[in-house]
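K.L.:
sequence? don't have it. structure:
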């Protein structure tokens, strides 16, 4: 007699780079060997029957798989019923993550972007490789902007094909960091009044830092040039224009700014009227 006929099962599609899909036979007989074929070419070695279903293992080559049974004693052969196909789903195209950098503490953050995208693919931004940031963004066929990111760390992007479920990490990453603001010192003055015709009022800052520039303002208008920090108290000189004086510090080279605390008010006192 010919070997009993069983049905080839399994197959299907798997994502490129994966382990493949299983191809099996829904039954077998002891004393019969079962050979898997791909397009008529034997795949691996024959598998001995066990009296129950058998597996030919994970198959990665694309194509149509069939099986032939051979009785180990009589050498009679029989084609098993049916066949299965194995296909490979391509991974989402890898685009490049860009953006990031450093921003000043208290700022709005920095953009993280992707150089391209495809329709039918969802793109998820991750922080530190594990924490999803927001919800996935659908591909448009163009570059994507994940918006302003304020959390510090390394950002990556994972793409998922909505139909096949195949995933792929996008190339590169973007790192977001923060730059500190300049330290805050107090604006001071020797007095608030001076006599008409006098030298004016000395405006100063109680402290300063090297690498930071300090600009004096009179009612919002810059007065003179910025003064470089020294690590000690700063002197902006004698001011004769009446009004309120403030100071803004700018760190170099980050450009982060801080308003110094307080202000100095300069007032003019008239001299006594001259009589004869």
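P.N.:
Cool, got the structure. Predicted model only: the values in this text are computed from it and were never measured. Numbering: from 1, shown residues only.
K.L.:
going forward, measure contacts and count neighbours with C-alpha atoms only.
P.N.:
Noted.
K.L.:
So which residues make contact with stretch 67-79?
P.N.:
Outside stretch 67-79, the residues within contact range by Cα atoms under 8 Å, 6 or more residues apart in numbering are 1-5, 8, 31-37, 66, 80, 83.
K.L.:
how far away is the closest residue in space to residue 234 that isn't next to it in sequence from residue 232?
P.N.:
Leaving aside its chain neighbours, residue 234 sits nearest to residue 205 (5.1 Å; criterion: Cα to Cα, 6 or more residues apart in numbering). Remark: distance between residue 205 and residue 232 (Cα to Cα, to the nearest Å) = 9 Å.
K.L.:
who's the residue nearest to residue 234 bridged to?
P.N.:
Partner residues in beta bridges with residue 205: residue 187, residue 234, with DSSP bridges as the criterion.
K.L.:
what does residue 101 give?
P.N.:
According to DSSP bridges, residue 176 are recorded as the beta-bridge partners of residue 101.
K.L.:
I figured it was touching residue 155, is that so?
P.N.:
No. Taking Cα atoms under 8 Å as the contact criterion, residue 101 and residue 155 are not neighbours in contact, 11.0 Å apart.
K.L.:
okay, the two: which has more neighbours?
P.N.:
Legend: neighbour count by other Cα atoms under 10 Å for residue 101 and residue 155, higher for residue 155 (27 against 16).
K.L.:
In three-state terms, label the more buried one for me.
P.N.:
Secondary structure for residue 155, judged by DSSP: H, G, I helix; E, B strand; the rest coil, is strand.
K.L.:
give me every residue that touches residue 271.
P.N.:
Under the criterion of Cα under 8 Å, 6+ apart, the contact partners of residue 271 comprise 195-196.
K.L.:
any idea which helix or strand carries it?
P.N.:
In this assignment (DSSP states H and E), residue 271 forms part of neither any helix nor any strand.
K.L.:
quick one: it and residue 193, what's the gap?
P.N.:
Residue 271 is 12 Å from residue 193, where distance means Cα to Cα.
K.L.:
Kindly report the same for residue 82.
P.N.:
Residue 82 sits 103 Å away from residue 193, going by Cα to Cα.
K.L.:
Neighbour count: these two, which is higher?
P.N.:
For residue 82 against residue 193, the residue with the higher neighbour count under other Cα under 10 Å is residue 193, and the figures read 16 against 12.
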